[in-house]
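> Predicted model and sequence below, questions to follow.
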Amino acid sequence: MKIINGVECNPYINACPKCGTKIETVWNKPEICDRCNYGDKRSANFKRLRGDILVRDNFKCRVCKCSANNVHHIDGDHHNNHHLNLLTVCVKCHGILHRLGTIKYNKKRLEIKIKKAKEIRKEEDTKSMFKGI
């Protein structure tokens, strides 16, 4: 027995009808995998996945550690909803990450990109502190 989406069951292994990826399902019928089911940001699947990522990261921005509720696609592909391609960021850091461009997921490259984003965020915060003086 295994728990899938809060349901205790014997999971079925099916293939996504769009891409053929093997996925575990509660029912013995084909379901669209997370990667193919992006649809739009209002889809129930993406909302669940987004919530999982926010909880995983404790609702903290992975760049500046402040409170956050945005989920960023590291490689820029909004159809790639693999958990390694998603990270929680605040609004400011999300903009910085988009300005830095996309990368193919690699732990070392991601660490470098986050470090660069931290430096930019620190510079921007310093500039805004002295803006009114």
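Structure received. Numbers count the residues shown, from 1 in each chain.
> who's the nearest residue to Asp57 once chain neighbours are set aside bridged to?
Once flanking residues are discounted, Asp57 sits nearest to Thr88: 3.7 Å by CB to CB, 6 or more residues apart in numbering. In short, each C-beta sits where N, CA and C put it, glycine included. The bridge-partner assignment for Thr88, based on DSSP bridges, gives Val71.
> Local confidence estimate at Thr88?
Confidence at Thr88, expressed as pLDDT, is 94.
> State which helix of the protein is the longest.
Of all the elements of type helix in the chain, the one with the most residues (DSSP state H) is helix 107-130.
> what does it contact?
Contact with helix 107-130 is made by 62-64, 74, 92-93, 96-97, 99-100, 103, as judged by CB atoms under 8 Å, 6 or more residues apart in numbering.
> cool, and stretch 79-90?
Contacts of stretch 79-90 from elsewhere in the structure, counted by CB under 8 Å, 6+ apart, are 34-38, 46, 49-50, 52-54, 56-57, 59-64, 66-75, 77, 97, 105.
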